[in-house]
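1. Structure for this input, please:
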Amino acid sequence: MSPLARLVVVVAVLAAAAALGWWWRTRNGRFAPVAQAVLDAAGRPDPPHTDRLTADEIGAPLGTLATFVQLSSEVCTPCRRTHAVLAALAAERNDVSHVDLDVARRLDLVRRFDVMRTPTVLLLDGSGAVVGRTSGAVDRHQALAALDSGVLTA
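-> Next up is the predicted model:
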């Protein structure tokens, strides 16, 4: 293989890696609302068990507007940053709560919500319905955007 061909291959691999890294970073921590069809189904008299959490299930009271349920692991650095952001936000607002659950102790929720990485944050409305989720580190701007998304009902 000629030196020019090797250079082209190296540049192509680096460009592909940079594009993949950029794509990954833009998705990290971004709020993804639950599909409207799922939310509509949750309004049925007998909603599916998998799209609603109760205070008993998470071991803490639900916020009247929203609850951030964070699924974390002990060795996760982004989990600690996300915890600090969401705990501070919950301390500032009396209608928002934050619960941090260890994935090793809550495998039932890991399976139920298909958690593939930590932190994963489920956004619950005032009734406990899961209206959105994030995966990866969450900053204050992203958390506020989730609260202001218009999918929450008190």
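2. Go ahead and confirm Pro78 touches Pro119.
-> Yes. At 6.0 Å, Pro78 counts as touching Pro119 under the criterion of CB atoms under 8 Å. Yep, even glycine has a C-beta here, placed from its N, CA and C like the rest.
3. Which segments of this protein make up each domain?
-> Residue ranges for the structural domains of the chain, counted by automatic domain parsing, are given in the record as 1-28, 31-147.
4. average pLDDT across the helix ranked longest in the chain?
-> Across the chain, the longest stretch assigned as helix under DSSP state H is helix 3-27. Helix 3-27 carries an average pLDDT of 79.
5. And Pro78 and Pro119? Which one has more around it.
-> Taking neighbours as other CB atoms under 10 Å, Pro78 and Pro119 compare with Pro119 leading, 25 against 16.
6. Please enumerate the helices of this protein.
-> Assigned by DSSP H, the chain shows helices spanning 3-27, 36-42, 55-58, 77-92, 107-112, 140-147.
7. Now do the shortest one: which elements does it pack against?
-> Translated: helix 55-58. Contacts defined by 3 or more CB pairs under 8 Å, 6 or more residues apart in numbering; DSSP states H and E place helix 55-58 against no helix or strand at all.
8. Then the fourth one?
-> Based on contacts counted as 3+ CB pairs under 8 Å, 6+ apart, the elements that helix 77-92 packs against are strand 66-72, strand 96-102, helix 140-147.
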